[in-house]
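S.K.: sequence below, structure please.
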Amino acid sequence: MIAPVPPSNPSVRGPGFPEFVALIAMMMALNALAIDMMLPALPAIGDALGVASENSRQWVITAYLLGFGVAQLIYGPLADRYGRKPVLMAGLGLYVLFSVAAAFTTTFEALILARLGTGLGAAALRVLAVSIVRDRYSGRTMARVMSLSFLVFLGVPILAPTLGQLVLFVAPWRWIFGVLALAGSAFMVWALIRLPETLAAENRLPIRFARIAEAFRAVVSDRLSVGYTLAMTAITGSLFAFINSSQQIFFDVFGEPELFTTIFGLMAAGIAVASLTNARLVERLGSRRLSHLALIGFIVSAAVHAGVALSGHESLVSFAVLQGLTMFCFGFIAGNFGALAMYNMGRIAGTASSVQGFVSTTFGSLTGFLIGQSFDGTAAPMTVGITICGILALVAVLAAERGKLFSTVETASRPA
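M.R.: Predicted structure coming up:
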């Protein structure tokens, strides 16, 4: 049971603590569902819409991620100017509208455009979740809300492919997008009734190009911000490479489609366990020590996996163990790299989060797509690509830290 916690900002009224956590968690879950739920349906989608190349089916994932990444630059300033709730409702409206459009498309090109639009709407959920929590809570209570909500976000990828498979058991693949539309509509009604506007009118900021440009300049001129954002981009690219390639590997390489959702869920569970373990250890060991050690483990496990795949000795067991270990290391990296990228960005946290999210998601999704497009009937291209991503992340970290790893001293390149 979640104990009641009074808001740090008592002027903002709204639902109690448990319901508020559930609202924020649902905002995160809608995004995760839109990425992973249709993975089992990609072959059926390709067959129904006449997709000649199996690799082209990956656009169903990548188009969504591109829309999701690019739009993050827009929602931050809009929410600071017009308030959280109107912008959230607009984003949800796009999410529902384009999910419905995806369900009724008759060509693959139209489906890709619909998925791009869905991602544009979903970006509002990512940006506003943190903003709304920050408006109502602060300090350790804010951290507690985000941690509890993030548990749901970590759990959804474990269940999403299975949910998609369950839909396919009882309905055509189009109903996967229908379920996304229904979930988005249900949350829209819930938020419309129960979630108040959390940004006071006197705290709203005008949209001024000079102010936004200055904030952007600070983000791209800070060594830690740039270094860890680039490192996060490379690591995100490895995750999207796995997501793009996983269905084809299980179906075409191993011929075990019935095991796809189970093993995919176990790997997602590994990321969740690592993230929760990281939350327990990070205050004692520090973000640098944990993430740098995990990055080395990531590179070693990915390189071993690439060696196995290139040698022609890959099996379902070796894939599950080595890829699972690589993804487990990922769970210790992602949150810490994000925190380190924000180290000097406190004064412009909203804009910094938008810029860093735009870079890591947009270019990470493109990297993952390029690796996925190199699928050749084996797991080798994916494993080699993930290894290269890990090495590039290490180069970026070394640049950010001036060649020193495992530092326990909180250094800053320049105050933002």
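
S.K.: show me where the stretch 201-350 of the chain dips below the pLDDT cut-off.
M.R.: The model of the stretch 201-350 of the chain has pLDDT under 70 over residues 345-350.

S.K.: which residues of it fall in strands?
M.R.: Assigned by DSSP state E, counting those that start in this stretch, the stretch 201-350 of the chain shows no strands.

S.K.: all helices for it, in order.
M.R.: For the stretch 201-350 of the chain, the helices defined by DSSP state H, counting those that start in this stretch occupy 209-221, 223-248, 260-285, 287-310, 316-341, 349-373.

S.K.: tabulate those helices (JSON lines), appending distance to Met89 and mean neighbour count.
M.R.: Using the backbone N, CA and C atoms, a C-beta is placed for each residue, glycine as well. Formatted as JSON lines, the helices of the stretch 201-350 of the chain follow (distance: least, Cβ to Cβ, whole Å; neighbours: other Cβ atoms under 10 Å):
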{"stretch": "helix 209-221", "distance to Met89": "23", "mean neighbour count": "14"}
{"stretch": "helix 223-248", "distance to Met89": "28", "mean neighbour count": "24"}
{"stretch": "helix 260-285", "distance to Met89": "30", "mean neighbour count": "17"}
{"stretch": "helix 287-310", "distance to Met89": "35", "mean neighbour count": "21"}
{"stretch": "helix 316-341", "distance to Met89": "27", "mean neighbour count": "21"}
{"stretch": "helix 349-373", "distance to Met89": "19", "mean neighbour count": "22"}
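
S.K.: and of those, who's closest to Val179?
M.R.: helix 260-285 (15.6 Å; Cβ to Cβ).

S.K.: which among the helices of the stretch 201-350 of the chain is found nearest to Ala34?
M.R.: Across the helices of the stretch 201-350 of the chain, closest to Ala34 is helix 223-248 (Cβ to Cβ), at 12.1 Å.

S.K.: starting at the chain centroid, how far to the closest one?
M.R.: Computed by Cα atoms, centre = their mean, to the nearest Å, the chain-centroid distance of helix 223-248 equals 10 Å.

S.K.: check stretch 50-65 too.
M.R.: Relative to its parent chain, stretch 50-65 has a centroid offset of 19 Å by Cα atoms, centre = their mean.

S.K.: and for stretch 275-294?
M.R.: 19 Å.

S.K.: and if you look at stretch 298-310?
M.R.: With Cα atoms, centre = their mean, you get 24 Å for stretch 298-310.

S.K.: check what contacts it and list those residues.
M.R.: By Cβ atoms under 8 Å, 6 or more residues apart in numbering, the surrounding residues in contact with stretch 298-310 are 235, 238, 314, 318-319, 322-323, 325-326, 329-330, 333, 378-380, 383-384, 386-387, 390-391, 393-394.

S.K.: low-confidence stretches in the stretch 1-150 of the chain?
M.R.: Applying pLDDT under 70 to the stretch 1-150 of the chain flags the ranges 1-14, 138-150.

S.K.: let's see it at 50
M.R.: In the prediction, the stretch 1-150 of the chain carries residues with pLDDT under 50 at positions 1-6, 8, 10-11.

S.K.: could you pull out the strands for it?
M.R.: Under the criterion DSSP E, counting those that start in this stretch, the stretch 1-150 of the chain contains no strands.

S.K.: how about the helices in it?
M.R.: Under the criterion DSSP H, counting those that start in this stretch, the stretch 1-150 of the chain contains helices at 17-36, 42-48, 59-82, 84-104, 108-136, 139-170.

S.K.: out of the ones you listed, which comes closest to Ile263?
M.R.: Of all those, helix 139-170 sits nearest to Ile263, with 9.9 Å by Cβ to Cβ.

S.K.: which residues sit against the helix or strand following the closest one?
M.R.: As assigned by DSSP states H and E, the chain's next helix or strand after helix 139-170 is helix 174-194. Contact with helix 174-194 is made by 14-15, 19, 23, 26-27, 30, 33-34, 37-38, 41, 85, 88-89, 92-93, 95-96, 99-100, 102-104, 114, 118, 163-164, 167-168, as judged by Cβ under 8 Å, 6+ apart.
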